[in-house]
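[1] Structure for the following, please:
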Amino acid sequence: MFRTGRPSSNNRFSRPVGRPNNAPRRSSRMNSPYLDHNLFINKSTGIMEDETYVPKYKFADFPFVEKIQSNISHHGYVTPTPIQDQTIMFALDGRDVIGIANTGTGKTAAFLLPLINKVMLDRSEKVLIVAPTRELAVQIQDEFKAFTYGCGIYSVLCIGGASMNVQIQGLRRSNNFVIATPGRLKDLSNQRAVNLSQFSSVVLDEVDQMFDMGFVKDIQTILSMLPKERQSLFFSATLSREIDGLVRTQMINPVTASLKKRDTASTVDQDIVKIIGGQKKIDVLHDLLIQSEFSKVLVFGRTKRGVSKLSEILVERGFKADSIHGDKTQNARQMALNKFKNDRISILVATDVAARGIDIPDVSHVINYELPETFEDYIHRIGRTGRANKLGKALTFVE
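    A predicted model of the protein is given here:
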């Protein structure tokens with residue numbers, strides 16, 4: 001019904017995973033010649049890579065205040081992940097930090113915990129956290145609430161698709177943390193609803209996307225309005241040489257922790273699905289989704305309209321599916337995500353708004369129904385599975 005394939009060692013088209021040095025950042029073609037199909041084939045090595053890492057610290061070793069240590073223990077955290085182990089102590093010391101690690105490795109806690117501790121020690125401190133998507137900002141907000149339970153520290157969430165008036169009212173109250181997306185933050189700053197010069201710490205999550213074409217001007221404007229003397233914590237799963245250079249211009253002698261041994265997580269088994277003559281993609285997808293192992297599936301498309309249509313077709317075929325894309329209201333997007341997280345639907349069809357940082361437990365498969373624009377986008381897409389040392393599978397349709 002469908003064909004998968006892995007390149008043999010003597011395949012002359014094989015090469016190490018990665019975007020060619022002379023490839024442009026973006027390609028307007030659906031099947032970009034720079035996205036060699038062999039890039040989507042990579043056998044999982046299981047969790048052995050993570051097992052070889054011996055952490056220097058335990059969470060009890062970090063000098064967090066007692067209430068934070070209690071919340072950490074309540075969530076069952078004992079041993080930090082590699083990215084947490086190599087960044088938290090530096091962040092607690094007030095250093096600027098660049099953290100690069102695969103998705104699902106605990107980067108959010110790596111920047112939240114030190115900054116919450118910083119505010120606990122000095123309630124005059126204000127922290128700005130900027131994320132590229134609404135969903136990621138909401139997720140950071142949720143983790144913030146868990147770690148600050150009973151601490152008397154509060155945040156305001158400033159994202160598009162939600163009432164700006166409500167956010168302005170929230171900013172007027174006493175909040176040590178502002179968690180925002182770039183566009184909404186810039187709008188609020190232009191209306192003088194938020195004073196960026198008051199923030200002594202800044203986090204850019206998924207910093208590579210922040211400095212990409214869509215956000216770079218907004219981010220540079222935002223950073224220019226922050227105090228020059230500040231603590232900057234920038235985290236991502238990918239960071240090109242060009243973006244790394246831009247990032248460092250905004251920091252002071254940063255500590256860099258890069259935990260990536262390979263471009264994609266070792267817990268994700270990757271393969272391609274070849275669409276051969278006479279087959280319809282939707283029928284091939286159908287025949288995959290009816291298999292019992294496809295228990296919780298994230299399907300990626302390229303366009304808002306295409307994603308919406310594909311979701312409707314799957315529902316018509318009897319699948320429990322919904323979609324998430326930029327044309328949906330924030331409430332509708334969050335409802336679809338919650339249904340997927342809580343297993344009320346088994347398939348979520350999404351554009352790349354769901355590719356960055358979203359932590360959805362136990363996603364069995366990621367299917368790239370349509371090719372991503374760049375290999376970096378591919379890395380973030382498939383990072384939604386194989387998280388927290390669980391095995392996952394990623395399949396990419398090619399024609």
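
[2] which residues of the chain score low on pLDDT?
    Where the chain drops to pLDDT under 70, the residues are 1-35, 44-51, 213, 260-265, 357.

[3] mind listing the strands in it by residue range?
    97-100, 127-130, 155-158, 177-180, 201-205, 231-236, 255-258, 268-274, 297-300, 321-324, 347-350, 365-368, 392-398 (DSSP state E).

[4] Dump those to JSON lines, plus mean neighbour count.
    To be clear about C-beta, it is placed using only N, CA and C from the backbone, and glycine gets the same treatment. Below are those laid out as JSON lines (neighbours: other CB atoms under 10 Å):
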{"stretch": "strand 97-100", "mean neighbour count": "24"}
{"stretch": "strand 127-130", "mean neighbour count": "25"}
{"stretch": "strand 155-158", "mean neighbour count": "22"}
{"stretch": "strand 177-180", "mean neighbour count": "25"}
{"stretch": "strand 201-205", "mean neighbour count": "25"}
{"stretch": "strand 231-236", "mean neighbour count": "25"}
{"stretch": "strand 255-258", "mean neighbour count": "17"}
{"stretch": "strand 268-274", "mean neighbour count": "21"}
{"stretch": "strand 297-300", "mean neighbour count": "26"}
{"stretch": "strand 321-324", "mean neighbour count": "25"}
{"stretch": "strand 347-350", "mean neighbour count": "26"}
{"stretch": "strand 365-368", "mean neighbour count": "25"}
{"stretch": "strand 392-398", "mean neighbour count": "23"}
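
[5] Could you dump those into a markdown table with distance to residue 58 added?
    Putting those into a markdown table (distance: least, CB to CB, whole Å) gives the following:
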| stretch | distance to residue 58 |
| --- | --- |
| strand 97-100 | 19 |
| strand 127-130 | 25 |
| strand 155-158 | 27 |
| strand 177-180 | 26 |
| strand 201-205 | 24 |
| strand 231-236 | 22 |
| strand 255-258 | 18 |
| strand 268-274 | 28 |
| strand 297-300 | 33 |
| strand 321-324 | 37 |
| strand 347-350 | 36 |
| strand 365-368 | 33 |
| strand 392-398 | 28 |
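
[6] Out of these, which is closest to residue 54?
    strand 255-258 (15.3 Å; CB to CB).

[7] circling back: nearest to residue 61, of the strands of the chain?
    Of all these, strand 255-258 sits nearest to residue 61, with 16.9 Å by CB to CB.

[8] Residue 299 versus residue 312, what's the distance?
    According to CB to CB, to the nearest Å, residue 312 and residue 299 sit 13 Å apart.

[9] I meant to write residue 366 there.
    8 Å.

[10] repeat for residue 98
    33 Å.

[11] What count of nearby residues applies to the closest residue in space to residue 187 that isn't next to it in sequence?
    Counting by CB to CB, 6 or more residues apart in numbering, the nearest residue to residue 187 once its immediate chain neighbours are dropped is residue 164, at 7.0 Å. Using other CB atoms under 10 Å, residue 164 has 15 other residues around it.

[12] measure residue 164 to residue 212 for me?
    From residue 164 to residue 212 the distance is 25 Å (CB to CB).

[13] Please apply the same query to residue 243.
    Using CB to CB, residue 243 is found at 7 Å from residue 212.

[14] Distance check, residue 292 against residue 365.
    For residue 292 relative to residue 365 (CB to CB), the value is 12 Å.

[15] list residues touching both of the two?
    Common contact partners of residue 292 and residue 365 (CB atoms under 8 Å, 6 or more residues apart in numbering): none.

[16] residues near residue 214, how many?
    What residue 214 shows, counting by other CB under 10 Å, is a neighbour count of 13.

[17] actually residue 282, not the one I wrote
    Around residue 282 there are 13 residues (other CB under 10 Å).

[18] Just list the residues touching it, thanks.
    310, 313.

[19] Show me the helices in the stretch 151-300 of the chain, by range?
    164-172, 182-190, 207-210, 216-224, 241-248, 281-289 (DSSP state H, counting those that start in this stretch).

[20] Using CSV, please lay out these together with distance to residue 78.
    Shown next, in CSV, are those (distance: least, CB to CB, whole Å):
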stretch, distance to residue 78
helix 164-172, 35
helix 182-190, 35
helix 207-210, 29
helix 216-224, 36
helix 241-248, 32
helix 281-289, 38
